[in-house]
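Enquirer: make a model of this:
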Amino acid sequence: MPNYYSTLSGWLIPFSRAMESNGLNFQAECTECQISLTDLNNLESRLAADKLATLMRHCNQKLNRRDFATEVAKHFHPSMFHALGYAMMSSSSLHDALERLARYKRVVSNTCTIEMTEHDNDLLFEMHIDTYPDSKRPVLEACLVETFLATIVTFSRELVGSNMSPKMVKLTAAKPDIDDEYLEAFFNCPVEYACESNSLTFSREVADTKLMVGNTIITQIHEKILDELLNRIDKDDLIYLVKTIIYRELPMGAPSQNDIAKQLGMSLRNLQRKLVDKGTTYKDLLDTTRKKLALDYIRQQHISFSETGYLVGFASVSNFNRAFKRWTNKTPTEYRSSEM
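Expert: Numbers count the residues shown, from 1 in each chain. Below you'll find the model as predicted:
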């Protein structure tokens, strides 16, 4: 378990703008909430999640309202997500941007994980929030869940158009007795309470719309920065370490589980057990890593299909084509044409 649950201090950027636009003195209110601003200029500094929740409650109380979460979301700026914000901005679609957020979520916060699933004509963006081992209390208070989901919607509107709205918002929190209209007004869609998880549902048509700002090369540059940052944030994360080895060795062929275990200084059986404990397997990690890289390469017109297959560790083009068809239900040629 982490020593404490934290978020990037970049979250204070939209907080400060929302506070100032509502007549609150940012520095004075942070001091009152015992939040130090000395490290704010360091984009990699972190802030305890409980402190951010305290600041949110404090602002709602000062303003005698409940909607400060959406006020913060309205003042979102990509820089608050470090390089991840800019990697998302240069993604090929909203779907692609949200998957990138799910993959690099630990850069923003270690309080939850994000799962992306496709259901018929919908894309589900789902938060799984950690709980404290002793009390089982969620490490993110309801006000911060609202802030995060509202921020994702603001970011999505920046990418695909200001009129975009999710189809549904679900929250685990109980429906408040009064004053909950602000959420439906902000999201412009139904909001359900007391659900099993916190989530946003987007239509696939909206999520898969090609973005005019998409730039694969810029995205890859930012992902290198993010990979280095993740390495500093969480050097002991086994899944990250396994993926790092896979990324490095794929052009020479997919590494075996034995190779991975030896490089990590553990037995094959121990590696397999630890991955199962984390809800995954080596085969799943290899497959998702290959798919992610293949989609990035396919979007680059100057890289041939055979070279892409080689770069993601396939010995033959036919094997790569079969895997790509399984991943996307399209051939590489069909997929590249659809992205043009």
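
Enquirer: quick one: the strands in this protein, in order.
Expert: Remark: strands assigned in the chain by DSSP state E are 6-8, 46-48, 112-119, 122-129, 168-170, 191-192, 198-203.

Enquirer: buried residues in stretch 297-311, which are they?
Expert: Under the neighbour-count criterion of 16 or more other CB atoms under 10 Å, stretch 297-311 has 297, 298, 299, 305, 308, 309, 310, 311 buried. C-beta here means a position set from N, CA and C on the backbone, and glycine is covered the same way.

Enquirer: taking those, tell me the two that lie furthest apart.
Expert: Using CB to CB, the buried residues of stretch 297-311 reach their maximum pairwise distance at 299 and 310, which is 17.0 Å.

Enquirer: pretty sure residue 26 contacts residue 18?
Expert: No. Using CB atoms under 8 Å as the test, residue 26 is too far from residue 18 to be in contact (9.3 Å).

Enquirer: more neighbours: which of those two?
Expert: Using other CB atoms under 10 Å, the more surrounded residue of residue 26 and residue 18 is residue 18, with 22 against 17.

Enquirer: please name the nearest non-neighbouring residue to the more buried one.
Expert: residue 71 (4.2 Å; CB to CB, 6 or more residues apart in numbering).

Enquirer: please verify my assumption that the one you found contacts residue 23.
Expert: No. Between residue 71 and residue 23 there is no contact under CB under 8 Å: 11.8 Å.

Enquirer: quick one: which of these two has more around it?
Expert: residue 71 (23 against 8).

Enquirer: ok, that one - contacts?
Expert: 18, 21, 22 (CB atoms under 8 Å, 6 or more residues apart in numbering).

Enquirer: residue 289 too?
Expert: 243, 246, 247, 250.

Enquirer: between these, which has the most around it?
Expert: Ranked by neighbour count (other CB under 10 Å), these have residue 246 at the top, with 22 neighbours.

Enquirer: if I look at that residue, how far off is residue 30?
Expert: Relative to residue 30, residue 246 is positioned 42 Å away (CB to CB, to the nearest Å).

Enquirer: now residue 270
Expert: 45 Å.

Enquirer: which one of these two has more residues nearby?
Expert: Legend: neighbour count by other CB under 10 Å for residue 270 and residue 30, higher for residue 30 (20 against 12).

Enquirer: give me the local confidence score for the more buried one.
Expert: The score at residue 30 is 91. That number is its pLDDT.

Enquirer: for the one 10 residues further on, same thing?
Expert: As predicted, residue 40 sits at a pLDDT of 64.

Enquirer: so where is this structure shaky, pLDDT-wise?
Expert: Confidence mapping of the chain against pLDDT under 70 gives the ranges 1-4, 38-43, 133-134, 232-237, 340.

Enquirer: centre-most residue in it?
Expert: For the chain, the residue nearest the mean C-alpha position is residue 101 (2.3 Å; CA atoms, centre = their mean).

Enquirer: hang on, that residue packs against residue 115?
Expert: No. Counting by CB under 8 Å, residue 101 stays clear of residue 115, with 11.4 Å between them.

Enquirer: how far off centre is stretch 272-281?
Expert: 21 Å (CA atoms, centre = their mean, to the nearest Å).

Enquirer: enumerate the positions of it that are buried.
Expert: In terms of neighbour count (16+ other CB under 10 Å), stretch 272-281 has its buried residues at residue 275.

Enquirer: start to end distance for that stretch?
Expert: Counting by CA to CA, to the nearest Å, you get 7 Å between the two ends of stretch 272-281.

Enquirer: swap in stretch 311-321?
Expert: Stretch 311-321 has its terminal residues 13 Å apart, counting by CA to CA.

Enquirer: residues of that stretch that come out buried?
Expert: Neighbour-count burial for stretch 311-321 flags 311, 312, 313, 314, 317, 320, 321 (criterion: 16+ other CB under 10 Å).

Enquirer: again, but for stretch 203-217
Expert: 206, 207, 208, 209, 211, 214, 216.

Enquirer: contacting residues around it?
Expert: With CB under 8 Å, 6+ apart as the test, stretch 203-217 has contacts from 89-98, 118, 121-123, 159-160, 164, 167, 296, 299-300, 339.
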